[in-house]
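In: Okay, structure incoming, though there's no sequence with it:
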């Protein structure tokens, strides 16, 4: 059952406060946070949990290196331009 650890709580280095495991499972656009292994490895067998509940493709997506900020901003600008063009 994927929800079995949802009530466990840790201090999140990204948020700066306490979060439950459910938050960590959904933090990354409905996928686990890329830091989930480092944060939870001392409290549970997180690698087994991830292998049991996510496909290899999903794991690749979860742990893909983040895009540079400039690239992300350019993509967001292009998407906004496209939406505006479609609305006109």
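Out: Yep, that arrived. These figures come from a predicted structure and were not determined experimentally.
In: Go ahead and confirm residue 5 touches residue 21.
Out: Yes. Here residue 5 reaches residue 21: they are 4.4 Å apart, a contact under C-beta atoms under 8 Å. Where you see a C-beta, it was placed from the backbone N, CA and C, and this is true even at glycine.
In: what's the neighbour count on residue 35?
Out: When neighbours are counted by other C-beta atoms under 10 Å, residue 35 registers 15.
In: Which of residue 5 and residue 21 has more residues huddled nearby?
Out: Using other C-beta under 10 Å, the more surrounded residue of residue 5 and residue 21 is residue 21, with 23 against 17.
In: for stretch 28-37, which positions count as buried?
Out: Buried residues in stretch 28-37, counted by 16 or more other C-beta atoms under 10 Å: 31-34, 36.
In: which among these gets closest to residue 48?
Out: Proximity of the buried residues of stretch 28-37 to residue 48 (C-beta to C-beta) peaks at residue 36, which lies at 12.8 Å.
In: and the closest one, what does it touch?
Out: Residue 36 sits next to 24-25, 46, 50, 62 when contact means C-beta atoms under 8 Å, 6 or more residues apart in numbering.
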